[in-house]
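# predicted structure and sequence below. I'll ask about it afterward.
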Amino acid sequence: MTENCPQSDPAEGGRPLRRDAALNRERILHAAREIFGQQGLGVTLDGVARHAGVGVGTVYRRFPTKEALIRALFEQDLRMRQEAAESALAHPDPWQGLVDFLMVTSTDLAENRGLYEVLMWGAHTSGPIETSRGGMLPFLEALIRRAQESGDLRPEVTPSDIPVIQHMLYSAAQFTRGRQPHIWRRYLEILLSGLRRRSDSPPLETPGLSNEMVEQAMGIVRPE
């Protein structure tokens, strides 16, 4: 952020913010990302204000509700997930593109409890966030299909397997939180080995979940 490119704020009717107001907004967003990432979305706006070192009135002037703050934080995160999928689809190696996507999206998810609650539980979602969550399925379908057509990915793998895998990785990160928080990377390596197609791999015997079942578990509600 620079003085030449002032930010605007819906709370100010879209008008550019004064420098001090813009700095306070960035301080609040930074503090919210830290505390939501560490403790989840149960933190109140008062807690965000304390973490940011500003008065609670300052927080409420910039973000009148917690939902407004969450939307400002996590809409960008979900857009970045779609950008990661687009980059993976553009990779000349379909398998490496899928691996890169899983690594990038699992990293921010494993290290950010707030994002996990928004993405996997549907906590405090808004219309744009809900659209972003539900809009990932076509990307997952394309990534899976591309890697299978190249002969690199097991044919039994379905798009619905990806959210479940990422839930597992998040759980591994929480299991060793404070001691070995990056251990989830080891289990991603193990999972990738199992996802890779090999001539001597026995077929998977347990059927996967349907896309509808995964979306129900994630609280994604699609319009009729």
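Sure, I can see it.

# so who does residue 89 touch?
Neighbouring residues of residue 89 by C-beta atoms under 8 Å, 6 or more residues apart in numbering: 97, 139, 142-143, 146. In short, each C-beta sits where N, CA and C put it, glycine included.

# now, which of those residues sits nearest residue 127?
residue 139 (19.7 Å; C-beta to C-beta).

# and for that closest one, the neighbour number?
For residue 139, the count of nearby residues is 19 (other C-beta atoms under 10 Å).

# now do residue 149
Quick note: residue 149 (other C-beta under 10 Å) scores 10 neighbours.

# in terms of secondary structure, what does the one helix or strand residue 103 maps to contact?
Assigned by DSSP states H and E, residue 103 belongs to helix 94-110. The helices and strands touching helix 94-110, judged by 3 or more C-beta pairs under 8 Å, 6 or more residues apart in numbering; DSSP states H and E, are helix 66-90, helix 113-116, helix 136-149, helix 161-175, helix 184-195.

# three-state assignment of the residue in the chain sticking out farthest from the centre?
Centroid-distance maximum for the chain: residue 200 at 34.7 Å, with C-alpha atoms, centre = their mean. Look at residue 200: counting by DSSP: H, G, I helix; E, B strand; the rest coil, its state is coil.

# for residue 147, see how far away it is.
19 Å (C-beta to C-beta, to the nearest Å).

# swap in residue 32?
36 Å.

# cool, and residue 101?
10 Å.

# tell me which residues are up against the helix holding residue 103.
77, 80-81, 84-85, 87-91, 115-116, 119-120, 143-144, 146-147, 149-150, 152-153, 162, 165-166, 169-170, 172-173, 181, 184, 188, 192, 196.

# among those, the buried ones, what's the PyMOL command?
A single PyMOL command selects the buried members of the contacts of helix 94-110 (16 or more other C-beta atoms under 10 Å):
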select buried, resi 77+81+84+85+88+91+115+116+119+120+143+144+146+147+152+153+162+165+166+169+170+172+173+184+188
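
# may I ask which helix or strand of the protein has the lowest mean pLDDT?
helix 127-134 (a mean of 71; mean pLDDT, DSSP states H and E).

# give the buried residues for it.
129-130, 132-133.

# biggest separation within those residues, which pair?
Pairwise over these, using C-beta to C-beta, the maximum falls at 130 and 132, 7.3 Å.

# and for the closest residue to residue 134 other than its chain neighbours, the neighbour number?
Counting by C-beta to C-beta, 6 or more residues apart in numbering, the nearest residue to residue 134 once its immediate chain neighbours are dropped is residue 220, at 5.1 Å. The local packing of residue 220 (other C-beta under 10 Å) involves 20 other residues.

# is residue 220 in contact with residue 122, as I believe?
Yes. Using C-beta atoms under 8 Å, residue 220 is in contact with residue 122, at 6.5 Å.

# so for those two, which residues contact both of them?
In contact with both residue 220 and residue 122: 130, 133, using C-beta under 8 Å, 6+ apart.

# may I see the buried residues of helix 127-134 organised as JSON lines, with distance to residue 216 added?
Output for those, formatted as JSON lines (distance: C-beta to C-beta, whole Å):
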{"residue": "129", "distance to residue 216": "18"}
{"residue": "130", "distance to residue 216": "14"}
{"residue": "132", "distance to residue 216": "18"}
{"residue": "133", "distance to residue 216": "13"}
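
# list just the nearest of those residues to residue 48.
Nearest to residue 48 among the buried residues of helix 127-134, with distances taken as C-beta to C-beta, is residue 129, at 18.2 Å.
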